[in-house]
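K.L.:
what's the 3D shape of this:
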Amino acid sequence: MDKLKKNVLYLLIGCLLTAYLVARAIILPITIDEGGTFYNAVPRSVWDIITYVDPSPNNHILNTLLIKFFVSIFGAHSLIIRLPNILAFILYFTVAVIWLKKLNTNKLFVFFGIVVLTCNPYMLDFFALARGYALSISFMFSSMYLAYLYFTSKQIKSLYFAFIVAAPAVYSNFTMLNFYLSMLVVCSIF
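P.N.:
Numbers count the residues shown, from 1 in each chain. Next comes the predicted model:
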């Protein structure tokens, strides 16, 4: 029963933070960078987006493709344009809770870990904007967790999945190439 209470608490925190992000996504006007993505990159063909025909810093490839997909289904609204990053928050939060619970079963440790990992204003800002940063952070964090699982359990499939999950991080934001290469070097050494 105590485990259920803890999980309900974590779920409640996640729902409240997600509701906060949804409210921000609806209320806040589209920024100039988001507008650049929506008006310049999203209308292009999928091939042009993937091949980076227009090397614009506003074209975070995976983010642009997801915006294009969601807008084609649900129409253009600030919430829909920002939906990929809100979904990325759900992934990030889920992995954070799972990882924190694996590190320590103490409820206070997990609670304060959630606060530290999710309540940074810059992080919350990324998850409420239509940019590739939140997607890349979510995939990077998930990849780090999978690498952690490999180092603690020595199951090679965790390492494979770590690299598979790291790939969308790179497609979300090319600066994640630094993370991908670093992880490749560290895992090769060990």
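
K.L.:
which stretches of this structure form strands?
P.N.:
Per DSSP state E, the chain carries no strands over any range.

K.L.:
spatially central residue in it, please.
P.N.:
Central residue of the chain (Cα atoms, centre = their mean): residue 138, 2.7 Å from the mean position.

K.L.:
for that one, give its distance to residue 44.
P.N.:
24 Å (Cβ to Cβ, to the nearest Å). For the C-beta atoms, the positions are set from N, CA and C on the backbone; glycine is no exception.

K.L.:
what do you get for residue 27?
P.N.:
To residue 44, residue 27 is 29 Å away according to Cβ to Cβ.

K.L.:
counting neighbours, what do you get for residue 129?
P.N.:
Residue 129 has 23 neighbouring residues, counting by other Cβ atoms under 10 Å.

K.L.:
next one: residue 146
P.N.:
Residue 146 sits with 21 neighbouring residues when counted by other Cβ under 10 Å.

K.L.:
correct me, but it touches residue 155?
P.N.:
No - judged on Cβ atoms under 8 Å, residue 146 makes no contact with residue 155 at a distance of 10.0 Å.

K.L.:
quick check: neighbours shared by these two?
P.N.:
With contacts defined as Cβ atoms under 8 Å, 6 or more residues apart in numbering, no residue is adjacent to both residue 146 and residue 155.

K.L.:
so what pLDDT did the residue nearest to residue 107 when sequence neighbours are not counted get?
P.N.:
With sequence-adjacent residues excluded and distances taken as Cβ to Cβ, 6 or more residues apart in numbering, residue 107 is closest to residue 6, at 5.5 Å. pLDDT for residue 6: 78.

K.L.:
what do you get for the one 10 residues further on?
P.N.:
The model reports residue 16 with a pLDDT of 96.

K.L.:
could you give the number of residues near it?
P.N.:
Residue 16, neighbours per other Cβ under 10 Å, totals 10.

K.L.:
and for the nearest residue to residue 61 once chain neighbours are set aside, the neighbour number?
P.N.:
Among residues not flanking residue 61 along the chain, residue 171 sits closest, at 4.8 Å (Cβ to Cβ, 6+ apart). By other Cβ under 10 Å, 19 other residues sit near residue 171.

K.L.:
same thing with the one 5 residues further on?
P.N.:
Other residues near residue 176 come to 24 when the count uses other Cβ under 10 Å.

K.L.:
that one touches residue 165, doesn't it?
P.N.:
No - checked against Cβ under 8 Å, the pair residue 176 and residue 165 is beyond contact range at 11.1 Å.

K.L.:
mind listing the shared neighbours of the two?
P.N.:
Common neighbours of residue 176 and residue 165 (Cβ under 8 Å, 6+ apart) are residue 139.
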